[in-house]
Every structure is written in structure tokens, then in C-alpha cells.
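Undergrad: Build the 3D model from these lines:
(2 chains)
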Amino acid sequence: MKLPVKMTINGQSYSHEVEPRLLLVHYIRETVGLTGTHVGCDTSQCGACTVLINGQAVKCCTLFAVQADGANIMTIEGLAKDGELHPIQQGFWEKHGLQCGFCTPGMILSAYQMLERYPKPSEELIRHQLEGNLCRCTGYHNIVKAIEWAAEHMPAKK
Amino acid sequence: MATVASDRLFGKSIKRREDPRFITGRGQYVDDLKIPGMTYAAFVRSPHAHAKIRKIDTAAAARHPGVVAVFTGKDMTGVNSLPCGWDLRKEKKIPGVMQDLAIVPHMPLTSDAARHVGDPVAVVIADSHEAAVDGAEKVQVDWEPLSSVTVTENAARSGAPQLHEGAPGNVAFKWEIGDRAATDAAFKSAAVTVKKRIVNQRLVANAMEPRACVARYEDATGDLTLWVTSQNPHVHRLLMCAFVLGIPEHKVRVIAPDVGGGFGSKIFLYNEEVVCSWASRRLKRPVRWTATRSEAYLTDAHGRDHVTDAEIALSKDGKMLGLRVKTTANLGAYLSTFAPAVPTFLYGTLLNGVYTIGAIHCEVTGIFSNTTAVDAYRGAGRPEACYAVERIVEAGARGLGMDVAELRKKNFIPKFSGAYQTHVAVSYDSGDYGAAFDRVLQMLDYRKFRADQEAARKQGRLLGIGFSAYIEACSIAPSKLVGALGAGAGLYESGKVRVHPTGMVTVFTGSHSHGQGHETTFAQIVADKLGIPIEQVDIVHGDTGSVAFGMGTYGSRSASVGGTAILMSLNKVIEKGKKIAAHLLEASPGDIEFGGGQFSVKGAPGKAVPFGAVSLTAYVPHNYPEGLEPGLEETSFYDPSNFCFPFGAHACVVEVERETGNVRILRYLAVDDVGNVINPMIVDGMVHGGIAQGVGQALWEGAVYDGQSGQLITGSMMDYALPKADMLPMYETDRTVTPTPVNPMGIKGAGETGTIASPPAVMNAVVDALAPLGVDHIEEMPLSAERVWKIIQGAKGAR
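TA: Residues are numbered from 1 along each chain as shown, chains lettered A, B, ... in the order given. Presented below is the predicted three-dimensional model:
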């Protein structure tokens, strides 16, 4: 049995018939073909699959695709606008906040929501907010620096 | 142009050139690949630690909708065991062998018995991932469960369940290094001897990207392409073709695209990639497999798992007279690709540390157990050696009543360059061990720290400091030497420099980047040497179809071995360019010099021709030297003459909460000497990541098996405690620079230092913190709050 789903991803609308057991992350990666969202675990610990669903940072391995019917989703592919990097992406580049790059999309989208909630976070707050995202390469030092850089360079809110 | 010369790219922290694709979600990892007609593989694995296979019934699985085929080990006729690439046998004249390595079979799909939880016994291949997984659940295996052994110290005891017919008593090998008689004599003459049991627990690498592969066989041409999460695609190809499947190597192309971390775990040839390659040939369809994280915990090679008795002999005034080490190393159920090398030649040879020690003897017993195979994990043998030495040195200082820094300073090998012959075979390249240690003491303000600690102790606070003065062997390795020690491969590296007619450069390297940043650092070497903009340089790696050959990335060898191969080719390009330039400038080749991107005539600065013009001439050779071949492309293979030996001093300051046993890191300081550095930002990043993994080992991580059932209890990220951002501090890093004389760039290697140095620093700090309670040693890691709390409760001084 397949069910219809319809959602908007990075401003583009998609509709498919999917198995009810299909996880949203696999829908995004396999059905839609946006492979920037990664799968690093099977217990929702690693955060590599973090996307923004209706503005909230969500590990999209925790949802079935059918649960996201009607949702507005942004993945890492939708963050840079007209070829211009978002300050968080720029921060990760400037401060060497990535090595193998596998956790990076999830890290960046977690940071996106963090900076919306806390525009000027302390080091302690950044570390606490990243508790749901694992990185095995950087030891987190430069990820913290990257997010601090981004916070300094974010455009003022209208 | 003057700015180019003064603004050298070598040594500069430029931003990484690979980052734009990763931060925009456009990296290309194996699991991102989709090929028309692709099938999906799911493996049926043993739920038992040890069980005989009576029968496997695949009929129901084969009938499941969407299932294309089901295979067991019996279907894979003509397929050989996964090879072990390191031999330890007396007949091969391998030094130190006391009992020959038991080379036991390791079939891609086991058909007689399963020897660890997760051992694969069948594969289901289907049109969709879902159908494959559903089909796998329908495979019926008739198991006869057997008793199992997982505990390192129990495996070789009499009465333990036996894993392999060819390995009586579960002993894989016995090996020794050093001088037993001299060491015995040193201990007899010692004023103080201290002996401790030191356990280096089993770890899981946990690269964030799980292993994956896609195999595509093309029936029309007989070509097989394997995309695989590999640190060394050529090694994968060689092992799979020549040893396991017996298929022609030149008809197989192995591609390791973007790979999400390795840390050693992606060096080895694994069952799944062999099975998928074989199945693709059989089915004439592409086959994809990606590990779940649970499968990764059960099947990625684990690391460490040593139980050691270490003993140090000291004179009254604190001279290190002798070191005696006896280690049992758990190799798991099978021999992984390089498993026997790790607890022997990558371990025993580093026990001299950074000290002048009178005599050393080390004996290692490798054992089989019903656990996942153990092989190289970041550092591989060297962390275990550093851990044993740096823990027993501090225990010795306490036994002698001497400050831990003072004891070290009394025994450092004095500054040297060229050769320092150790008691354990290897000869160090260059070192200034005391300087790195003095620098970390200075950063700490060590005297002030001890005064502060005294004051804190009076208030009842448990503050401690621990050091680690480490050394490691990198730049792996001289082929002739490792061949004499049992390696089945040479450990050189290749580097090809292709100069295009327009002066653009493509470099083909056998090293592989899975986070190390080769596309940046290797391009820095090229742009620096040729004096051209870095934008004109591209680095190609990870594809046997385009790179001549390669031994890959591990043992911190990329920059020092792979980078040197590129440098050699650059020198050849420049030499040929001089001949072309001499012809164009009507001068003698001996009078041409190269610098700042120009070939010029010595003493006549006006007479010059730029690199790009020479490149064009090489491909449009109308006005060209007689007898010189057209084209500008050079290949080199670099085989190092020795290992390189990075070193340094780390220090960790902790506070232990008396009521809970929780350990908090207040400061972590690292002074590393990795020789010359191409990109300091990238080296710092690797040091940070290494420290996090080592601190993780000391405080949280550990693969734990249930002693009764043999189940892996820490089989998911919920159960295996990986360090998170809020568990770690900012790291205070610095460097001393002692270039190696081994290679022309003076690079020692930087990928593993942090992981090697940090566990003993953290452990020593906690022991120091608990010293007022009468604690003088802690045997086991990780220092969970529970473990520390129990130690506090059991300590004399706490009552």
C-alpha cells in the first residue's frame, strides 16, 4: 500500500506515492534525490539528517515521510541564496569547522535554528545547543568558533 | 611578482578548497550514488556470539516480492578467505616471533559457524532496499549455539571455548621485542620497581559516515567498478582481485569518492564489499549496500583491547633503568587485514618513549575471541604503547616520591638530529623532547598550578594534573623494512604531476582524503613549488582508474610520503622545463634557474620565460630541444628511508567532584612537534579531533560485551558514549618545530598525535586528583562517574 505525500522542499513542491514506513530522510535522499542530508545512525543520535521543517530543526530520521505531508522543508541545499553562502556556511569555511564534511549539513542547520533563538550565544550555550549533533573529526573546537563567527556576521533582524 | 616570493603558500593557513561542496550539501559520498537497474543488498547476520550453522533455508526469502537472489557462503564457490596482510611466522624470519601466527580462514559469508555477533551468513539482494531487508528477515538459520568467550584475559585460559581449529587455545601468536636478560638485570639493580596492570579498552572508530559500497559489473566489457568507503582504493582492489575473488585487477576500478571519516576503520577489506562485487558479477546488475550504524558497531574493525602488566625499574635518583611489558592483545574472531601488525611492530617498537631507558623487554600474546575483529584505529598500537609508558612513568614517580615532571626531565633523550637508536629496533629521526615539555610547563605555569592545587586540596577540592610526553612513528613506511617485519605490501606512495598545455596542473595522488584536506595542502605544495596561483592546481585522488597506484592514507603518511612523491614529480617537471627554457632562451640548461613561476638565465634577470610558456612549448614543440620528448607529465614513487617520529607534550587539568565522581576537564594543553607544517589551521584541526577521541577513550568510550551471552552491549550510539560538544573544553595548542631529516620537506605527520597523547594525560590527571585520598593507580578506562565514585568510596583516605 502506498500513500500520497506532498511537500515543499527548498521552495519547490514535490508529490509522490510512498510506503507509509518510508522515513522522511530516505524520502529526501532517495525519492527526491537531495543527498546533502545524511544518515549517520539509526537511533536519532547523530543529527547528520537535521533539516528545517516549518522553521524547526528536526532530525528527519525521526519522522515518516507521510507525517511530513504538507510541510515546508529546507535542506542544506536550500540555504545558500543565489550562490551566496549563508553566514553560517561561511563561518564553517572561515573557521575550519569541518573535516570530512559528513556531519556538516546537520551541524549547519542546527546552528541555523540556534542563532534564530539566541543571536549572540555564549560558548557554553553553543556547546549545549549542539548536544544533538555528533562530529568525530573536529573535536567541536572549530565548530564552536564557526558558529561564533556566524553570530558576529549575521545580518541584523528586520 | 615580489609578493609571490614573500608570500609562500607552504606554511600558510589558507581556507580549505574542498569546503564549498561540503557546506552546500554537494559532497558525493558512496551512499549518494544511484545507478539505473541498481539492486540493494541486506545481510543476514549471526545473533549469536558463537554458533554452529546446521542449515540455512533461503526459500521463503527467495520468494519474497522484489527479491532478486539470496546467496549463502556455499554459493560462493571458488572464493577465498579475506586475506591477512601481515605475516608473523618463524619460517618468514620475522623478528621476535615466539609462536607462529595462526592464519585462520575468514570467509566473506561464513558457512560452518558464526564466531561473533554480526558475522554475516547470507545476503539478500532485491529491487528495493525495503524488499532486501524484508527478505533477509525470512532467511531461516538453524543455529546450534555454543559457549563463547569475549573477555581478553579469559580467551587463552584452559577450558575456554575454541574458535578455530587452526588456533589451539585461541592463541593467534606470541611475539617479543627487546632484551630479556638485560631487562632482568636492570630490575635486579633497581632501587625502586613499580608494577601496574594497565588496561587499554576496546574502542569503535565511529566515522560519521557508515561503510558503504556500490558494485557495478558490465557484462559487455567484463569491467567491474566498485565505489567503496575506502582510505586506500588501490589496496582494496589488489586484495579483492588477487586474493579473494581471483578476478583480473586491470578489469576492476575502485573509486573512493568523498568519504566521511575513516580513523583506520576504512583501511580494511571487508566481507560486504567482496560479497557485493561477487554478486554484481553473478547477477550482472549493480548492487548497493550501506551499513546501518548498528551494523557498523558489529562489523567495523574495532581498536585497542590490550591488557598489560607494565613494570618500571628506577634508580634512587630517578634514572629509568628498565621497562618490562607483558601484553595480551585481543584480535577478535578473525584476522583483519593488518591486525597482527598493530599489537607488535606498531606497539612494541614505541615502548622506548622519549626517554633514555637502560633496557626494555616486551612480550605480546595475540588471542582470538568471540568479538568483532580488531585492527588499526587512529594511532594503532602507538596509543597503546604511549599509554603504557606514560602511565607507568607517573606510577614510578609516585613510587619514588618524585614530581612527575621532574622524573621526566631527568630522563629525556637529549636533543638530536639524524639517529637515536632505541632498545626496540627503531631509530628515531630527530627530536627535542625536553623543549616541547618545557613549553607545556610554561603554558601551564606549572609551579603556580601546584600551589593552587595545594590550596584547593585544603578546601577539600580534588584538583589534578596529568602529563603525557609522547612519541609516535609516522610516515609509514620503508617498504624493505616493513617487508622484513611481515608486511605483505610495500608502503611507498605515488604522485603524478600533469602539466597541461595552458600551464594548469592536475596532480594524481595515491593518498586519499577523507577529512584530511589533501585538495588544499597538496595544492599548496604544488603552487608553492611552481610559483603559480593555487586556482591553477587540481588534486585527484581516490580512483584507481585515474591514479597510477597508491597505498592510501593511514599512519599519518599522506603529507610526508604522498606529499614527497608529488614534490619529486614537481622537481622532474622543473628539470625538464629547464631544458625547454634553455632552448627558448638560447642558454645552457645548467645556467637556467627556476623561481617565482619563471625560468630565467642565471645572472641575466631580463632573460626569462614563464612556466606557462614552457608548458605550451612542451605540447607545441615546434621550436624544441633535439632529442627531448614532448609533453610535461611526471610520475614518482617515494619510498621513505625511515619512519618519522612526531612527538610532543600534552597536559590535562581536571577537577573531580567528590560526591558524584564526575570528572571535569578544566584545561587541556597540547604542544606538538610534527616537523614542518604545510597548513597550520589544518594541523590544529587534526590535533583537536585527535584529542577529542583520546579524551573520549579516557572518560566515556568503550565497547562492552556481555560476558555470558557475548552480545555487544554498546551496539548503538545510544549505548556507546561518543563525546559531544558540551563534554569537551576548548584546547590550548602550540607547536615546536623539529624538521625530520627523513624527507625533503621536513614533514613528520600529524594525523594521530592527539589520539595517542591524550588518554594517559587525562588518566594521570585523575589519579593525581585522587592522590589525597590515597589513590595511586587506576587500571581501567573509561572513567565514568560511577567508576570514579566507586574508586573514591574504596579509597583509604576517603573513609
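Undergrad: what does the domain assignment say about chain A?
TA: Dividing chain A into domains by automatic domain parsing, as the record does, gives the ranges A:3-78, A:87-153.
Undergrad: That should have said chain B, apologies.
TA: Dividing chain B into domains by automatic domain parsing, as the record does, gives the ranges B:33-146+B:208-261+B:266-299, B:302-477+B:642-798, B:492-638.
Undergrad: Out of those domains, which is the most enclosed?
TA: For those, the largest average neighbour count (mean count of other Cβ atoms under 10 Å in any protein chain shown) is found in domain B:302-477+B:642-798, namely a mean of 22. C-betas here are computed from N, CA, C, even on glycine.
Undergrad: Does it reach chain A?
TA: Yes. With Cβ under 8 Å from any Cβ of the partner chain as the threshold, domain B:302-477+B:642-798 lies in contact with chain A, specifically through B:681-682, B:684-686, B:688-693, B:716-718, B:722-726, B:728, B:730-731, B:754.
Undergrad: Just list whatever residues bridge to the closest residue to B:D672 other than its chain neighbours.
TA: By the measure of Cβ to Cβ, 6 or more residues apart in numbering or on different chains, the closest residue to B:D672 outside its immediate chain neighbours is B:G648, 3.9 Å from it. Going by DSSP bridges, B:G648 is paired in beta bridges with B:Y470, B:D672.
Undergrad: Surely A:N54 is in contact with A:A71?
TA: Yes. Distance between A:N54 and A:A71: 5.8 Å, which falls inside the contact criterion (Cβ atoms under 8 Å).
Undergrad: More neighbours: which of the two?
TA: Regarding A:N54 and A:A71, a neighbour count based on other Cβ atoms under 10 Å in any protein chain shown identifies A:A71 as having more, with 21 against 11.
Undergrad: For the more buried one, grab phi and psi.
TA: phi -80, psi 160 (degrees, to the nearest 10).
Undergrad: same check, this time on B:A181
TA: The phi and psi values for B:A181, taken as degrees, to the nearest 10, are phi -70, psi -40.
Undergrad: roughly how far apart are B:V68 and B:S158?
TA: B:V68 is 48 Å from B:S158, where distance means Cβ to Cβ, to the nearest Å.
Undergrad: do B:M402 as well
TA: Per Cβ to Cβ, B:M402 is found 42 Å from B:S158.
Undergrad: next one: B:S336
TA: According to Cβ to Cβ, B:S336 and B:S158 sit 27 Å apart.
Undergrad: cool, and B:L530?
TA: According to Cβ to Cβ, B:L530 stands 65 Å off from B:S158.
Undergrad: thought B:V775 was touching B:A795?
TA: Yes. Look at B:V775 against B:A795 with Cβ under 8 Å: they come within range, at 5.1 Å.
Undergrad: Can you tell me, leaving aside adjacent residues, what's nearest to B:D309?
TA: Spatially, and ignoring its direct neighbours in sequence, B:D309 is nearest to B:K326 (4.7 Å; Cβ to Cβ, 6+ apart).
Undergrad: Equivalent analysis for B:K529, please.
TA: By the measure of Cβ to Cβ, 6+ apart, the closest residue to B:K529 outside its immediate chain neighbours is B:L570, 4.6 Å from it.
Undergrad: Would you check how far apart the one you found and B:K578 are?
TA: From B:L570 across to B:K578, the span is 13 Å (Cβ to Cβ).
Undergrad: And B:N271, by the same measure?
TA: Distance, B:N271 to B:K578, using Cβ to Cβ: 52 Å.
Undergrad: B:S569 now?
TA: 15 Å.
Undergrad: Which residue ranges of chain A form strands?
TA: In order along the chain, chain A carries the following strands (DSSP state E): A:3-9, A:12-18, A:50-53, A:56-59, A:72-74.
Undergrad: Can you name the residue of chain B nearest to chain A?
TA: Of all residues in chain B, B:G25 sits closest to chain A, with a separation of 2.0 Å (Cβ to the nearest Cβ).
Undergrad: what residues are up against that residue?
TA: A:L34, A:T35, A:G36, A:T37, A:T75, A:I76, A:E77, A:L79, A:P105 (Cβ atoms under 8 Å, 6 or more residues apart in numbering or on different chains).
Undergrad: Need the nearest residue in space to it, chain neighbours excluded.
TA: The spatially closest residue to B:G25, leaving aside those adjacent along the chain, is A:G36, at 2.0 Å (Cβ to Cβ, 6+ apart).
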